[in-house]
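A.B. asks: one predicted model, sequence on top.
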Amino acid sequence: MFRKQLALLYPFTAIAIWAGNVVVSRLSAHVIGPQAITFYRLVFAVALMSLFLARPLWRNRQASWPHLGQFFILGFLAMCLFQSLSYVAAETTTATNMAIFTSLTPLLTVALSAAVLGEKPTVGMLVGGALSLAGLVYLVSGGMPLKLMENGMRIGDALMLAAAIVYALYCVLVKRWQIPVSSWLSTYQQALCALAVMFPAFLATPAPARAVNEETLPLILYAGGVASVVLPFLWLRGIDRLGPSRCAAFINLLPVMTAGAAIMLLGEPLRSYHLIGGGLTLAGVVLAQTLRCPLSRTTAST
């Protein structure tokens, strides 16, 4: 019993690291280019993972080689596009908003699974989606939804919504393809492919925006080492011990942890619309995860 309770620390610590990474994204805004920090974190992550994954990858090259194109697509979505969008969004939105949009990923994954994989829509998807949409409208409008029609969304919020959709698509493709290699080897090969994709973008970045100094180096080390290597290790260990469903529930802690870190480290204020809008959004995500009754059956019964 105690060991099972102790295993809860794996996903909990992973989400805490993820919250720290959102804060790092905010800190990196205006001090280093988004393409540059994405490239540097991949370089550092690949270097660390190569220490214990290069040999296993070589031994399993026959199983991995046929899926190279899929690894490129997955690496581009999760490690290039999602990360780059997040870094650009950090320039014009708050860390709390970024975390709330990221926490939409499970709901968006369920919706995309219905469209791409043909899975049946559920009651939770419909009710939770409507509730999350209402929460997001309240959040991005600063508690004044009518003004959203006049002013529109902030570019940072729009980019984070796009980033969440991108990551949800990544999750759906991982489920659809089910590449027959271990999670670690898959992550490593995605990182290698993402590094190759980001190299031209890095070269196109102006020299001042890709400078590494005492201000940017700690951000790169955290993003490339702690968030890109330690976080996946803890998350995979949590899945092994607790199962994917119980671990997925911990994602709902991301906005709470991020808001706390943003208040302490960035001095970001916590407004009432963060609590109301974020609470409605998370409630919608939870409903989508828990109300799994197929919508067609409910409609027929009604």
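C.D. replies: Now that the structure is in, tell me what you want to look at.
A.B. asks: report the longest helix in this protein, please.
C.D. replies: The longest helix of the chain (DSSP state H) is helix 34-59.
A.B. asks: okay, buried residues for it please.
C.D. replies: 34-46, 48-49, 53, 57 (16 or more other Cβ atoms under 10 Å). Yep, even glycine has a C-beta here, placed from its N, CA and C like the rest.
A.B. asks: just checking, what packs against it?
C.D. replies: Applying 3 or more Cβ pairs under 8 Å, 6 or more residues apart in numbering; DSSP states H and E, one finds that helix 34-59 contacts helix 82-89, helix 183-204, helix 217-221.
A.B. asks: out of those helices, which gets nearest to residue 72?
C.D. replies: helix 183-204 (4.4 Å; Cβ to Cβ).
A.B. asks: mind listing what residue 77 touches?
C.D. replies: The contact partners of residue 77, by Cβ atoms under 8 Å, 6 or more residues apart in numbering, come to 166, 167, 169, 170, 173.
A.B. asks: same check on residue 111?
C.D. replies: So residue 111 contacts 125, 129, 168 (Cβ under 8 Å, 6+ apart).
A.B. asks: and residue 26, by the same measure?
C.D. replies: Neighbours of residue 26 in contact, by Cβ under 8 Å, 6+ apart: 90, 94, 95, 98, 262, 266.
A.B. asks: one more pass at 7 Å, please.
C.D. replies: 90, 95, 266 (Cβ atoms under 7 Å, 6 or more residues apart in numbering).
A.B. asks: list just the nearest of these to residue 272.
C.D. replies: The shortest approach to residue 272 among the contacts of residue 26 belongs to residue 95, at 17.6 Å (Cβ to Cβ).
A.B. asks: if we can go back for a sec, tell me which of the contacts of residue 26 is nearest to residue 177?
C.D. replies: Within the contacts of residue 26, the smallest distance to residue 177 is 30.4 Å, found for residue 90 (Cβ to Cβ).
A.B. asks: and the angle for the longest helix of the chain with helix 82-89?
C.D. replies: Here helix 34-59 runs at an angle of 170 degrees relative to helix 82-89 (axes from the mean of the first three to the mean of the last three Cα atoms, to 10 degrees).
A.B. asks: let's see the PyMOL selection covering just the buried ones among the contacts of residue 26.
C.D. replies: Buried residues within these, by 16+ other Cβ under 10 Å, are selected in PyMOL with:
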select buried, resi 90+95
